[in-house]
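Sharing a model prediction with you, sequence too.
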Amino acid sequence: MNAAKSKSSADRFAKAASSRRAAPAQAAPEEAQLRPERGRTAVRSKPLRTTVDLSPADHKRLRRIADRLADDLDVGEVPRRAVWLALLAELAEDEALYGRVLERVRESRDDVPTS
């Protein structure tokens, strides 16, 4: 085994960590500008996947809403994702709608037994 491979894991990890800790003065100016400030996380650019478990009745209701929207828009299909995104946008902009949703969530939490 050669000397480079015989180093301990701790040595390899320390070397890798030190190579990632270049001081801002050592980095190229354009690279330093792109790097987030220490302690801040980078802004996510990839979409996040969210999974929602729906009862068969709720799933049917979502499908019917998407189908109705497709009819009103005179298109073959409206993706359910588009329905969710439109609902999120409306919820963020409409305080009255937010209040109604708040009450529904509060009521549904009251129905769930806690341990």
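Perfect, I can see it now.

Can you pull the poorly scored residue ranges out of this structure?
Low-confidence segments of the chain (pLDDT under 70): 1-7, 19-37, 112-115.

give the contact list for the residue positioned nearest the centre of it.
Geometric centre of the chain, nearest residue: residue 48, 3.5 Å, by C-alpha atoms, centre = their mean. Neighbour list for residue 48: empty [criterion: C-beta atoms under 8 Å, 6 or more residues apart in numbering]. For glycine as for every other residue, the C-beta is placed from the backbone atoms N, C-alpha and C.

Could you grab the helix/strand/coil label for it?
Per DSSP: H, G, I helix; E, B strand; the rest coil, the secondary structure class of residue 48 is coil.

Please tell me how far it sits from residue 89.
Separation of residue 48 from residue 89 (C-beta to C-beta, to the nearest Å) stands at 16 Å.

One more: residue 66?
Distance from residue 66 to residue 89, by C-beta to C-beta: 16 Å.

Compare neighbour counts for the two and give me the winner.
Just comparing residue 66 and residue 89: by other C-beta atoms under 10 Å the higher neighbour count belongs to residue 66, 18 against 10.

Which secondary structure element is home to that one?
helix 56-73 (DSSP states H and E).

what packs against that helix?
Contacts defined by 3 or more C-beta pairs under 8 Å, 6 or more residues apart in numbering; DSSP states H and E place helix 56-73 against helix 80-93.

ok now the helix it packs on, how far from the chain's centre?
15 Å (C-alpha atoms, centre = their mean, to the nearest Å).

That helix vs helix 56-73, what angle?
90 degrees (axes from the mean of the first three to the mean of the last three C-alpha atoms, to 10 degrees).

hmm, who's touching the helix or strand just after helix 80-93?
Sequence order places helix 95-111 as the next helix or strand after helix 80-93, per DSSP H and E. If you take C-beta under 8 Å, 6+ apart as the criterion, helix 95-111 is touched by 90, 91, 92.

Now for the first one, how many residues are close by?
Applying the criterion other C-beta under 10 Å, we find 12 residues in the vicinity of residue 90.
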